[in-house]
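Colleague: Predicted model, plus sequence, below.
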Amino acid sequence: MGVFNRFLLFFYALFFGVVSLGVVLLVFNVIPERMLLNEYQFAVSQWETGAIASVVFIISIHLLFCSFSGKGSKEINSDEIVLIHGTEGDVNVSINAVKGMIERISGGIRGVREARVKAVVKRDKEKGDCLSLEVKLDVGQERSIASISDDVRTQSGKYLTDIACISNYDVAVSVQSISSGVVVKKRRLK
């Protein structure tokens with residue numbers, strides 16, 4: 001359920017909570033019957049009452065359809081794990097670990113200045129889980145962008161299939177910036 005539908009559901013539940021509290025007050029005769037009839041006659045004579053009732057009805061129908069609609073795929077954020085089936089048993093691998101390795105592999109390719117990776121697991125009951133990687137690159141001008149992106153896809157795919165044993169994945173490469181000049185990488189002292 002999306003954020004908008006959760007927002008509607010919150011106010012919908014709050015509205016009916018107040019209505020149910022009013023019914024409880026009526027049952028225990030906290031509100032005099034004469035006052036209740038006067039308020040009822042006033043509310044029925046106003047056009048705003050019909051407008052509010054129509055809006056509540058439309059929200060009810062919308063939330064009813066939302067409860068019946070199900071998504072085929074569900075996205076899992078990067079804090080989750082990917083289950084890999086080995087010969088001796090199952091292994092849990094953090095998506096952050098895969099993401100970090102793809103960033104290092106992409107950053108090591110000639111022509112790439114910086115690589116950032118967004119990793120999401122899309123859960124689908126029919127097709128199975130799919131690891132979706134979006135690699136954003138800052139590249140230099142020493143190589144063509146097509147060959148850089150091909151190298152990123154090839155090296156990432158080799159890592160995902162051979163090392164991480166993930167067979168169902170999708171790697172999307174996008175270039176965010178192209179910088180000019182030669183970059184001299186400085187060695188870090190440890």
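Modeller: Looks like it arrived, so ask away. In this text, all values refer to a predicted model and were calculated from it rather than measured experimentally.
Colleague: before we move on, what SS does residue 87 have?
Modeller: The three-state label for residue 87, taken from DSSP: H, G, I helix; E, B strand; the rest coil, comes out as coil.
Colleague: From residue 165, how far out is it?
Modeller: Shown here: residue 87 relative to residue 165, a distance of 10 Å by C-beta to C-beta, to the nearest Å. Every residue, glycine included, has its C-beta placed from N, CA and C.
Colleague: which residues are in contact with both of those two?
Modeller: Common neighbours of residue 87 and residue 165, counting by C-beta atoms under 8 Å, 6 or more residues apart in numbering, are absent.
Colleague: What's the local residue count around residue 95?
Modeller: Residue crowding around residue 95 was assessed by other C-beta atoms under 10 Å; the count is 19.
Colleague: Residue 118 is in contact with that one, correct?
Modeller: No. Residue 95 is not in contact with residue 118 according to C-beta atoms under 8 Å; the separation is 10.2 Å.
Colleague: Show me the shaky parts of the protein.
Modeller: Scanning the chain for pLDDT under 70 picks out 1, 70-86, 181-190.
Colleague: Let me know the outermost residue of this protein.
Modeller: Summary for the chain: using C-alpha atoms, centre = their mean, the residue whose C-alpha lies farthest from the chain's mean C-alpha position is residue 34, with a distance of 53.0 Å.
Colleague: by contact count, what packs against the lengthiest helix in the chain?
Modeller: In the chain, taking DSSP state H as the definition, the longest helix is helix 3-27. Helix 3-27 sits against helix 47-68, with contacts defined as 3 or more C-beta pairs under 8 Å, 6 or more residues apart in numbering; DSSP states H and E.
Colleague: Can you give the contact residues for the helix it packs on?
Modeller: Surrounding helix 47-68, the residues in contact under the criterion C-beta under 8 Å, 6+ apart are 1, 5, 8-9, 12, 15, 43.
Colleague: Show the end-to-end separation of stretch 28-48, please.
Modeller: In stretch 28-48, first residue to last residue: 28 Å (C-alpha to C-alpha, to the nearest Å).
Colleague: Go through it and flag the buried ones.
Modeller: Of the residues in stretch 28-48, none is buried under the neighbour-count criterion (16 or more other C-beta atoms under 10 Å).
Colleague: mind checking how far that stretch is from the chain centre?
Modeller: 46 Å (C-alpha atoms, centre = their mean, to the nearest Å).
Colleague: cool, stretch 141-149 as well?
Modeller: For stretch 141-149, the distance from its own C-alpha centre to the chain's C-alpha centre is 31 Å (C-alpha atoms, centre = their mean).
Colleague: Sweet, I'm off.
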